[in-house]
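K.L.:
When you get a sec, could you give me coordinates for this:
(chains A and B)
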Amino acid sequence: MNPMDQELMRRYIYQVVRRLPKEQRHEVGLELEELIGDMLDTGQSMEEVLTKLGDPKKFAKQYQDDKHYLIGPEYYDSYLWFLKIVLLCTAVAVLVVSIVKGIQEGAGLTDSNVVQAVVTSAIHGIGNGIVNLLSACVGAFGAITLLFYIMERNKIKFEHKKEEQWSVQNLGESHTDKGKGWTPDYLAPVPDKRAVISRGDSVVGIVFIVLFCVLLIFAPTVFSAIIKNGDVISVVPVFNLEQWHIILPVFILSLVVGLGDEIFRLIMGHYCKPVMLSNIICGSVQIVLSFVVLKVFPLWNPDFAVELKRQLGGQIGPSAESFIDKWNGDVASNVLFALIALITLAEIGTSIYKTLRYQGKQPAL
Amino acid sequence: MGEEKDLLDSLLMELRRGTLVLSVLSQMKEKKYGYSLVQSLEGKGVSIDPNTLYPLLRRLEKQGLLESTWETGGSKPRKYYHRTPYGEEIYQKLKIQWKEMAEGTERLLREDES
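P.N.:
Residues are numbered from 1 along each chain as shown, chains lettered A, B, ... in the order given. Just a heads-up that it's a prediction; the model follows:
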């Protein structure tokens, strides 16, 4: 083999092998070397041989398994729909937050006209928000894709198990003998209409989760009192922003768990034991995480009331002052926690009820 | 007419693909290396592209139907394949199926001709 042919062969093999999983590359490379050598021995030139073997891309494709996709056709439709809702929601929420922030920061306060001032501030906010918008959308896209990817992988595992069982038992049987393989007994009953989970049902949950996420990530400062004292604007945040870097991840984790649950419900399409289970698990996790955030972490700004009063100075009357005095982080935590627990328990209850009720109602075969 | 040819090609490919595993398994009682298999199949009127065969051999090995060994004694290292006992079992079963199928199809085609 002359150096020129050697180089051609090296290039060809590289083009095939680089498209394969790492652990296969070495051996496939050796195989190809053997093959090309054997073909050359029949008197063909290197060029003829490689032309016969054809496009290395196509050759590599023959070596690849078929599961080279993130989201398969079965979930693709739901995936796209989910993406659309979440991205739309994220984009709108981030924009609104940016506008509010812009107005809060009051970049346009120098304008004489009130409307003009607000508009200038809003535009300023949007300008600042563009980067947030992009990163939020990319983040949302990643989160959804990851969740669907996890479902997809687990589905494949499950189906492979089924296939293995099937092929070993059935290869020897003739086509007319269906007795031992799949039988109509395996048919799952058509779910009761009232047990079907529609996309419409999921929308509310998704929108809520996304809005909350966006608010928590981009606008912890939105939840704050803003006081204008002459030319000085001071902001007194409700939350404990110093600890925010600890609190936020837990918040987000809790919301992502909720999102995963929503995706799973939608994919299953009706209330059944797996949905019920996922609901119970995710719900419990969410309740625990909420408890951690609300009751364990220093969520609230401990100086909120004091700071607010100080900033307001004498501007307010005694009734307002006594109102501020009543502000108490613990009470707020309790109320919020009770609310979250109640909603989550209600959801779990619904899915348990629907699962048990409508699953039992199927006619026996 | 390009479309018609494409369609015919893809139908032919599908038809061939189904019989390929059986053809390959049939030749693997004695150990063979890839290109000798290409040639022996071709000599018997069954043509198969190397770029289909080599990946197929790997797949059959992964499924436990074939077993491979590298032999480094000759002028260059060669990978030899042969049927495993499991492959043998599957092959025998496939063979019976194939005969039934071929007879059935043959009957259908004859019926149409007469």
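
K.L.:
The residue in chain A positioned nearest to chain B: neighbouring residues, count only.
P.N.:
Residue nearest to chain B within chain A: residue A:38 (3.6 Å; Cβ to the nearest Cβ). In this view, the C-beta of every residue, glycine as well, is placed from N, C-alpha and C. By the criterion of other Cβ atoms under 10 Å in any protein chain shown, residue A:38 has 19 neighbours.

K.L.:
Same question for residue A:63.
P.N.:
20.

K.L.:
any idea how far it lies from residue A:310?
P.N.:
72 Å (Cβ to Cβ, to the nearest Å).

K.L.:
could you say what helices and strands the regular element (helix or strand) spanning residue B:58 packs with?
P.N.:
Element membership for residue B:58, per DSSP states H and E: helix B:50-62. Packed against helix B:50-62, as judged by 3 or more Cβ pairs under 8 Å, 6 or more residues apart in numbering or on different chains; DSSP states H and E, are the following elements: helix A:22-41, helix A:46-53, helix A:56-63, helix B:2-26, helix B:34-43, strand B:66-71, strand B:78-83.

K.L.:
again, only using 6 Å
P.N.:
Contact here means 3 or more Cβ pairs under 6 Å, 6 or more residues apart in numbering or on different chains; DSSP states H and E; on that basis helix B:50-62 packs against helix A:56-63, helix B:34-43.

K.L.:
Those helices: lowest mean pLDDT?
P.N.:
Across the helices and strands packed on helix B:50-62, helix A:56-63 has the smallest mean pLDDT, namely a mean of 86.

K.L.:
wait, what's in contact with whatever residue of chain B ends up closest to chain A?
P.N.:
Nearest residue of chain B to chain A, counting by Cβ to the nearest Cβ: residue B:35, 3.6 Å away. Contacts here follow Cβ atoms under 6 Å, 6 or more residues apart in numbering or on different chains; on that basis residue B:35 touches A:35, A:38.

K.L.:
returning to that earlier point: so what's the residue of chain A closest to chain B closest to, chain neighbours aside?
P.N.:
Closest residue to residue A:38 apart from its sequence neighbours, by Cβ to Cβ, 6 or more residues apart in numbering or on different chains: residue B:35 at 3.6 Å.

K.L.:
what does residue A:311 give?
P.N.:
Counting by Cβ to Cβ, 6+ apart, the nearest residue to residue A:311 once its immediate chain neighbours are dropped is residue A:227, at 4.6 Å.

K.L.:
The helix ranked longest in chain B and chain A in contact?
P.N.:
Among the segments of chain B that qualify as a helix by DSSP state H, the longest is helix B:85-113. Yes: interface with chain A: helix B:85-113 contributes residue B:93 (Cβ under 6 Å from any Cβ of the partner chain).

K.L.:
tell me the angle that helix makes with helix B:50-62.
P.N.:
Interaxial angle, helix B:85-113 versus helix B:50-62 (axes from the mean of the first three to the mean of the last three Cα atoms, to 10 degrees): 130 degrees.

K.L.:
who does helix B:85-113 touch, helix- and strand-wise?
P.N.:
helix B:2-26.

K.L.:
what does the helix it packs on contact?
P.N.:
B:46, B:91, B:94, B:98.

K.L.:
And those, which of them are buried?
P.N.:
B:46, B:91, B:94 (16 or more other Cβ atoms under 10 Å in any protein chain shown).

K.L.:
pLDDT score for the nearest residue to the first one once chain neighbours are set aside?
P.N.:
Spatially, and ignoring its direct neighbours in sequence, residue B:46 is nearest to residue B:23 (5.3 Å; Cβ to Cβ, 6+ apart). Among the per-residue scores, residue B:23 shows a pLDDT of 92.
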